[in-house]
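Participant: Sequence and predicted structure below; questions after.
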2 protein chains.
Amino acid sequence: MGEVAARAEVGKITVSRVIRTPDKVAPETRRRVQAAIRELGYVPDRTAGALSSMRSGVIGALVSTLGDSVFASTIDGLSQRLRGAGHELLLTSTDYDPALEEEAVRTLLGRRPDGLVLTSTAHTADVRRMLAASRVPVVEIWQMPDDPVGHVVGFSNRAAGHALTEYLIGSGRRAIAFLGGDRPNDSRGRRRAEGYAAALEAAGLGAPRPVSRGAGDLPNAEFGARALREARVRWPDLDAVICVSDPVAVGALCEARRTGLSVPDGLAVAGFGGLEVASEAALDLTTVAFPGAEIGRRTAEILLHPRDHTAPQIVDLGFRLIRRATA
Amino acid sequence: MGEVAARAEVGKITVSRVIRTPDKVAPETRRRVQAAIRELGYVPDRTAGALSSMRSGVIGALVSTLGDSVFASTIDGLSQRLRGAGHELLLTSTDYDPALEEEAVRTLLGRRPDGLVLTSTAHTADVRRMLAASRVPVVEIWQMPDDPVGHVVGFSNRAAGHALTEYLIGSGRRAIAFLGGDRPNDSRGRRRAEGYAAALEAAGLGAPRPVSRGAGDLPNAEFGARALREARVRWPDLDAVICVSDPVAVGALCEARRTGLSVPDGLAVAGFGGLEVASEAALDLTTVAFPGAEIGRRTAEILLHPRDHTAPQIVDLGFRLIRRATA
DNA sequence: ATGCGGCATGGTATCGATACCATAAGCAAC
DNA sequence: GTTGCTTATGGTATCGATACCATGCCGCAT
């Protein structure tokens, strides 16, 4: 910055002003400084700026997993809005592990972010303490937590599970299984399964029929196919399966077709997530879609324009039950 | 840091050493300092550290798109290795637009990253200049560029297109179309289409049969279904389609099934990407899989352990043709 | 002529860490 | 006893920006 200032024959502070508040500098001076910036290829050092202004321009995001695409649209929406406001996204993943989350939060806080976005569901006591002490705005997304840490932008997984189950019951299904909603760390899946169980109970359809995901099972198509086989053995009268996520549903759907079981006549199949290949043009799968990109945008909005320093905002963006060919 | 130092009755510098090089501090002193750190809930400020050490501990990643999951496994592999080495990932997207890329590179350089990862393919002259001037190690991934900016960890999209086409020819297909490989900014898709055209020519199978993606068409299932319809009208003898990516292939496959066309007997369908729902348990789609996670890991390795400051490394990780039920 | 306010710009301290050099103590070797 | 080496610790300058206050100039009202 000093070199630029010298070349433009102004003080360093004026260079800073040209970059941050060009209106406050006389047009002629501004031109000279901008010319010097271009000629020297000067790129301001934001880490230094962060140190003195106490604002880093960085938002930390902690997602449960990067490995699959669930959060892609959210990250995309978030990143786009942030970029427009001169902020960047620092991304880490936790693999649904609260201990890893704790380490990740500590690391992110070391970067002095202007905000933190959490997709994880359970937080250790230390994490809560650190977050409170740091006074960094926090947004929890993709769920409605029982005990929010800060702001919330999400939807109710429980209500989604309930709605989908009610829909299947309404269309005449009686023996409905739920594939894969019971991993201890995956609270989103668990909530969906809870909503399912509650809807069964309300309709007087007896005990839930869960198929467990083993510790090593990812919620993917392979598990979906295997879980459907298992379910058909355990409940010969099976006439519908709800799958914890769309990839699982795709596996179940394809398995059903392979074994000659007609969908939806013989078996209804539905999932959660609004996966792209579930669309009409592809598998035409009945699913509950979540407003992924909108979550990202609203989150950015909250972090960039804090309305109120005391009251956390709780935004429920809901979900959309998409009735298609498989149920 | 001062507070911690005061509480532990040592100099600030000793606190710094306890954090960065604990072995160089006497065990008793170390204990005292660590106790003070815990009691005060002190989290070192890495932005300040970055300023004085000239190493930010941040790696900037520029992906063409976050919206779909193509790069998810790569980002995951990259992020995990980096985390293990105390580095973080700063993520931005370019939407395949060189102008946006330029802005993004400028922004990232402002954070003084220790390395930069680019998935984009075309770079403006200004981008090249900035990168060279900044002396930041750069890794281009997911391709083998004609004119590399720095290191490369990728594979040949052209060879992948060629191999898949050869395989189809070898299994008796004669009228092979290519769906969607011609967006000007998507050089990966274009290379695949080039490999396809070259293989056709080598086999004396006449002119390529491309179906264009319009400017507004995303490479998804909806486009795949529509493109297949168009292809069947234009080439009634069509006996195979190669799709620029797996989501497109899924659309084509489902469209074929819907219209009663038998796959693979009546039509072979194949894609690129190794998408999860293409697996045996699901759609059992013939595809060319790319080593996404491995690309991420190798990239991290190169950035974390620079072997040589002069010679850029060029790593071709290849691809894997997976023959499944659809071709 | 004086004083006041607004505009454009500059000077200096500061953010919170690390680099670099200095210092002090302990111990072995000559 | 001196030198030299190692180990443990501290002091001070510095990284590159911004915050805060100061300054000089101009025009205009009094």
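Facilitator: Okay, I see it.

Participant: Ramachandran coordinates for the residue nearest to the spatial centre of chain A?
Facilitator: Centroid-nearest residue in chain A, with C-alpha atoms, centre = their mean: A:F71, separated by 4.4 Å. Main-chain dihedrals, A:F71, degrees, to the nearest 10: phi -90, psi 0.

Participant: Please tell me how far it sits from B:R258.
Facilitator: Distance, A:F71 to B:R258, using C-beta to C-beta, to the nearest Å: 31 Å. (Glycine included, C-beta is placed from N, CA and C.)

Participant: hmm, back to that, contacting residues for the residue nearest to the centre of chain A?
Facilitator: A:63-65, A:119, A:142, A:292 (C-beta atoms under 8 Å, 6 or more residues apart in numbering or on different chains).

Participant: next one: A:P291
Facilitator: Applying C-beta under 8 Å, 6+ apart, the residues contacting A:P291 are A:155, A:317-320.

Participant: Just those residues: which are in strands?
Facilitator: Of these, the ones assigned to strands by DSSP state E are A:R320.

Participant: Which single one of the contacts of A:P291 is nearest to B:R190?
Facilitator: Distances from B:R190 to these, taken as C-beta to C-beta, are shortest for A:R320 (35.9 Å).

Participant: Quick one: low-confidence residue ranges for the stretch 201-327 of chain A.
Facilitator: Per-residue confidence for the stretch 201-327 of chain A (pLDDT under 70) gives these ranges: A:308-309.

Participant: switch the cut-off to 90
Facilitator: Counting by pLDDT under 90, the stretch 201-327 of chain A has low-confidence residues at A:206, A:215-216, A:263, A:276, A:305-311.

Participant: which stretches of it form helices?
Facilitator: Secondary structure of the stretch 201-327 of chain A (DSSP state H, counting those that start in this stretch): helices at A:221-234, A:246-258, A:292-304.

Participant: Confirm for me that A:D284 is in contact with A:R323.
Facilitator: No - with contact defined as C-beta atoms under 8 Å, A:D284 does not count as touching A:R323 (10.4 Å).

Participant: what does the domain assignment say about chain A?
Facilitator: A:2-44, A:54-155+A:292-319, A:157-289 (automatic domain parsing).

Participant: and B:P210, which of the ones you listed is closest to it?
Facilitator: Nearest of the domains of chain A (C-beta to C-beta): domain A:157-289, 20.1 Å.

Participant: okay, how far is it across that closest one, tip to tip?
Facilitator: 11 Å (C-alpha to C-alpha, to the nearest Å).

Participant: In stretch A:13-24, which residues are buried?
Facilitator: A:14-19 (16 or more other C-beta atoms under 10 Å in any protein chain shown).

Participant: And stretch A:101-117, by the same measure?
Facilitator: A:101-102, A:104-105, A:107-117.

Participant: Next, report how far that stretch is displaced from the centre of its chain.
Facilitator: 17 Å (C-alpha atoms, centre = their mean, to the nearest Å).

Participant: Same list (the domains of chain A) but as TSV, adding distance to B:A278.
Facilitator: Listed next are the domains of chain A as TSV, based on distance: least, C-beta to C-beta, whole Å:
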stretch	distance to B:A278
domain A:2-44	42
domain A:54-155+A:292-319	14
domain A:157-289	9
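
Participant: how about these in TSV, adding distance to DNA strand D?
Facilitator: Listed next are the domains of chain A as TSV, based on distance: least, C-beta to the nearest atom of the strand, whole Å:
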stretch	distance to DNA strand D
domain A:2-44	3
domain A:54-155+A:292-319	7
domain A:157-289	39
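
Participant: what about the strands in the stretch 51-200 of chain A?
Facilitator: Ranges of strands in the stretch 51-200 of chain A, per DSSP state E, counting those that start in this stretch, are A:58-63, A:88-93, A:115-118, A:138-141, A:151-154, A:176-179.

Participant: between these, which one is nearest to B:Y96?
Facilitator: Between these, strand A:88-93 lies closest to B:Y96; by C-beta to C-beta that is 18.8 Å.

Participant: Check the offset of the closest one from the chain's centre.
Facilitator: That offset, for strand A:88-93, works out to 13 Å (C-alpha atoms, centre = their mean).

Participant: partner strands of it, parallel or antiparallel?
Facilitator: strand A:58-63 (parallel), strand B:88-93 (antiparallel) (DSSP bridges).

Participant: Return the most buried member of those.
Facilitator: strand A:58-63 (a mean of 26; mean count of other C-beta atoms under 10 Å in any protein chain shown).

Participant: Residues contacting that one, please?
Facilitator: Taking C-beta under 8 Å, 6+ apart as the rule, strand A:58-63 contacts A:50, A:71, A:75, A:78, A:82, A:87-94, A:101, A:104-105, A:108-109, A:111-120, A:300, A:303, B:90.

Participant: Keep only the residues you listed that also lie close to DNA strand C.
Facilitator: For DNA strand C, no contacts are drawn from those by C-beta under 7 Å from any atom of the strand.

Participant: ok, A:H87 - contacts?
Facilitator: A:57-59, A:114, A:303-304.

Participant: before we move on, back to that, so between A:D284 and A:R323, which is more surrounded?
Facilitator: A:D284 (18 against 11; other C-beta atoms under 10 Å in any protein chain shown).

Participant: Excluding covalently adjacent residues, which one is nearest to the more buried one?
Facilitator: A:A325 (4.0 Å; C-beta to C-beta, 6 or more residues apart in numbering or on different chains).

Participant: pretty sure that neighbour contacts A:T287?
Facilitator: No - with contact defined as C-beta under 8 Å, A:A325 does not reach A:T287; the gap is 11.2 Å.

Participant: Look at the two and report which has more neighbours.
Facilitator: A:T287 (29 against 14).

Participant: Spell out which residues of chain A are next to DNA strand C.
Facilitator: So chain A meets DNA strand C at A:9-14, A:17, A:24-26, A:28-30, A:48, A:51-52, A:54 (C-beta under 7 Å from any atom of the strand).

Participant: Of those residues, which belong to helices?
Facilitator: Members of those lying in helices (criterion: DSSP state H): A:12-14, A:17, A:28-30, A:48, A:51-52.

Participant: Let me have those in JSON lines, extended by pLDDT and distance to B:P247.
Facilitator: Shown next, in JSON lines, are those (pLDDT from 0 to 100; distance: C-beta to C-beta, whole Å):
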{"residue": "A:K12", "pLDDT": "89", "distance to B:P247": "51"}
{"residue": "A:I13", "pLDDT": "90", "distance to B:P247": "52"}
{"residue": "A:T14", "pLDDT": "90", "distance to B:P247": "52"}
{"residue": "A:R17", "pLDDT": "91", "distance to B:P247": "48"}
{"residue": "A:E28", "pLDDT": "88", "distance to B:P247": "54"}
{"residue": "A:T29", "pLDDT": "88", "distance to B:P247": "53"}
{"residue": "A:R30", "pLDDT": "90", "distance to B:P247": "48"}
{"residue": "A:A48", "pLDDT": "93", "distance to B:P247": "43"}
{"residue": "A:L51", "pLDDT": "92", "distance to B:P247": "44"}
{"residue": "A:S52", "pLDDT": "91", "distance to B:P247": "47"}
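
Participant: which of the residues you listed sit farthest apart?
Facilitator: A:E28 and A:L51 (31.3 Å).

Participant: Mind checking which of these two has more residues around it?
Facilitator: Using other C-beta under 10 Å as the criterion, A:E28 and A:L51 rank with A:L51 on top: 18 against 8.

Participant: who's in contact with the more buried one?
Facilitator: Neighbouring residues of A:L51 by C-beta under 8 Å, 6+ apart: B:45, B:47-48, B:51.

Participant: Which one of those residues sits in the busiest neighbourhood?
Facilitator: If you rank those by neighbour count (other C-beta under 10 Å), B:T47 sits at the top with 23 neighbours.

Participant: who's in contact with the residue in chain A that chain B sits nearest to?
Facilitator: Residue of chain A nearest chain B, by C-beta to the nearest C-beta: A:S69 (2.9 Å). Going by C-beta under 8 Å, 6+ apart, A:S69 touches B:68-69, B:72.
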